[in-house]
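K.L.:
sequence and predicted structure, then a few things I'm wondering about:
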Amino acid sequence: MPTTAILSIDQGTTSSRAIVFSLSGQPIASAQYEFTQYYPQNGWVEHDPEEIWATTYKACKEALAKAAESDVDVVSIGITNQRETTLVWDRSTGKAIYNAIVWQDRRTAPTCNKLAPSLASVRAKTGLLLDPYFSSTKIAWILDNVEGARQLANEGKLAFGTVDSFLIWRLTNGESHVTDATNACRTNLYNIHNNQWDNDLLTLFNVPSSVLPKVLDSASDFGTTAQGLFNTQIPINGVAGDQQAALFGQCCFNTGDLKSTYGTGCFALLNTGKSALPSQNKLLTTIAYRINGKTTYALEGAIFTAGANVQWLRDGIKVIKVAKETQALAESLDYDHGVFLVPGFAGLGAPHWEPNARATMFGMTRNTNNAHLARAALEAVCYQTADLLSAMKQDGANSTSVWVDGGMVGNDWLCQFLADILNIEVKRPAMMESTALGVAYLAGLYQGLYKDFEEISTHKALDKAFLPAMPNDTRDHLCAKWEVAVQSTLHFANA
Ligand SMILES: Nc1ncnc2c1ncn2[C@@H]1O[C@H](COP(=O)(O)OP(=O)(O)O)[C@@H](O)[C@H]1O
Ligand SMILES: O=P(O)(O)OC[C@H](O)CO
């Protein structure tokens, strides 16, 4: 009797992954391919759509082939993706008309500034802010900068999608132009209260409705893979943006449950249940998941660079060879080493939202070396998380523990410092691929393979809990210095 399994596709900012999961959430087989990051100008970040597709397809084929060595029956596909990243393609060929403009890209900051008078109405409908991070201004940029694009869009010949949508189009050979509510709600064009594309927002951002995908529940019928792509045709039944997928994969199903993911960026999401809690502290109100037409909301804090700080140490200034070296380097110093990095490499996200901010290093002496840089890069992510949690607290959403995941949390030193600075318990799950797992669960729910959330939660296991151990006065002192560093960076951004 073959084991029933689900294929999860996790198309992230730096790599495309495919994991075949058993129903108990255990990985049976996986494959992963990194792809090229393009930085054509300062503040611009792009991906090649063909490389996104090629790495994803290759990872899927390889994971499915490995899984086939055991006796498995892959009955459904879940897709999770880097959010906001924007693609526009030709409906007749399926070819993108421009590179994917990545969520970190800042090129549309001037457009966002011009639209500032509309901030309150945008925020009320979308739960977001006016920032180049979101998809709407990126779509308009492509339509206005690729010759003839706006005309083609008006004629209904172009399609827009976030990465999930593009992959579904390719997987179904152009049969499905769809997305799910968690991805749609990151475009600044989607009303999170009535769950519809919003005509006023489309007019404001100058995006024609003809390019939009249909928005479905996160557990739904997104189409079936085209014949010949894999050995069998497989239905696609779970789709969610990667941060919402991680919330789901961490089984944060109850109001007040909090997870924080440390990949390229860091994203803390707190489940607020059926209430779309508005933030007074520049957090985002977003859709956590939509199942059977019922929407669950989350409050989100987004930090643009987390693991990316470590990538910069490795690939940019080359002071480390591999990411995991940062643990031993950080451990080699004491609390009072004195160096702070405010990592505004892609501007600063929540709770400051300053696209003009740039990364800034404080407190260096002639004694400063790679250990200080590595430690400051890891510490920054923890201080920034503390800023997010304090904003959540001021918005009335308090948590006594946080579940963590993402590539960085394999670093025990980071997890302990995080617990010390947050002053709450930090819990790392046994299954670290929460993001991919989240959409496997969504696909399984649609297929009726899980009865309910309770059944899914039985598969959750803790790897390690990190408890705060730092004296209060040390924490207060470090956080006060961090705050001065942030304020100085913000001051410099606008000088
Ligand atoms: N042991 C480690 N310590 C610190 N950072 C790490 C460690 N291992 C991986 N990273 C960082 O984690 C990131 C990869 O995490 P991942 O969740 O795969 O990212 P994404 O999904 O955004 O592509 C990279 O930026 C890498 O620098
Ligand atoms: O690729 P990640 O894991 O850094 O996630 C990117 C986010 O979805 C951007 O909003």
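P.N.:
Now that the structure is in, tell me what you want to look at. Remember, predicted model here, so these are calculated numbers, not experimental data. Ligands and ions are numbered 1, 2, ... in the order given.

K.L.:
tell me, what's the model's pLDDT at residue 275?
P.N.:
For residue 275, the pLDDT comes out at 87.

K.L.:
quick one: the closest residue to it other than its chain neighbours from ligand 1, how far?
P.N.:
Nearest residue to residue 275, sequence neighbours excluded (C-beta to C-beta, 6 or more residues apart in numbering): residue 297, at 6.3 Å. C-beta: built from backbone N, CA, C; applies to glycine. Using C-beta to the nearest ligand atom, to the nearest Å, residue 297 is found at 23 Å from ligand 1.

K.L.:
which element is residue 297 on?
P.N.:
Element membership of residue 297 [criterion: DSSP states H and E] is strand 294-303.

K.L.:
name the helices or strands packed onto that strand?
P.N.:
Judged by 3 or more C-beta pairs under 8 Å, 6 or more residues apart in numbering; DSSP states H and E, the packing partners of strand 294-303 are helix 242-249, strand 266-273, strand 284-291, helix 370-394.

K.L.:
direction included, what does that strand pair against?
P.N.:
strand 266-273 (antiparallel), strand 284-291 (antiparallel) (DSSP bridges).

K.L.:
those residues of the stretch 251-400 of the chain touching ligand 2, which are they?
P.N.:
263-265 (C-beta under 6 Å from any ligand atom).

K.L.:
of the residues you listed - the most surrounded one?
P.N.:
Highest neighbour count within these, by other C-beta atoms under 10 Å: residue 264, with 26 neighbours.

K.L.:
name the nearest residue to that residue, sequence neighbours excluded.
P.N.:
residue 13 (4.2 Å).

K.L.:
and for residue 206?
P.N.:
residue 140 (4.9 Å).

K.L.:
over to residue 459?
P.N.:
residue 25 is the one closest to residue 459 (C-beta to C-beta, 6+ apart), at 4.2 Å.

K.L.:
re earlier: by pLDDT, give me the weakest of the residues of the stretch 251-400 of the chain next to ligand 2.
P.N.:
Lowest pLDDT of those: residue 264, 86.

K.L.:
how about that one, what does it touch?
P.N.:
12-14, 104, 305-308, 311 (C-beta atoms under 8 Å, 6 or more residues apart in numbering).

K.L.:
helix/strand/coil for it?
P.N.:
Here residue 264 is recorded as coil under DSSP: H, G, I helix; E, B strand; the rest coil.

K.L.:
equivalent analysis for residue 319, please.
P.N.:
coil.

K.L.:
tally of neighbours for it?
P.N.:
Count around residue 319 with other C-beta under 10 Å applied: 18.

K.L.:
any idea how far it lies from residue 370?
P.N.:
Going from residue 319 to residue 370 by C-beta to C-beta, to the nearest Å gives 4 Å.

K.L.:
so what sits against both of these two?
P.N.:
Contacts common to residue 319 and residue 370, judged by C-beta under 8 Å, 6+ apart, are residue 313.

K.L.:
identify the residues contacting residue 51.
P.N.:
Counting by C-beta under 8 Å, 6+ apart, residue 51 has contacts 35-36.
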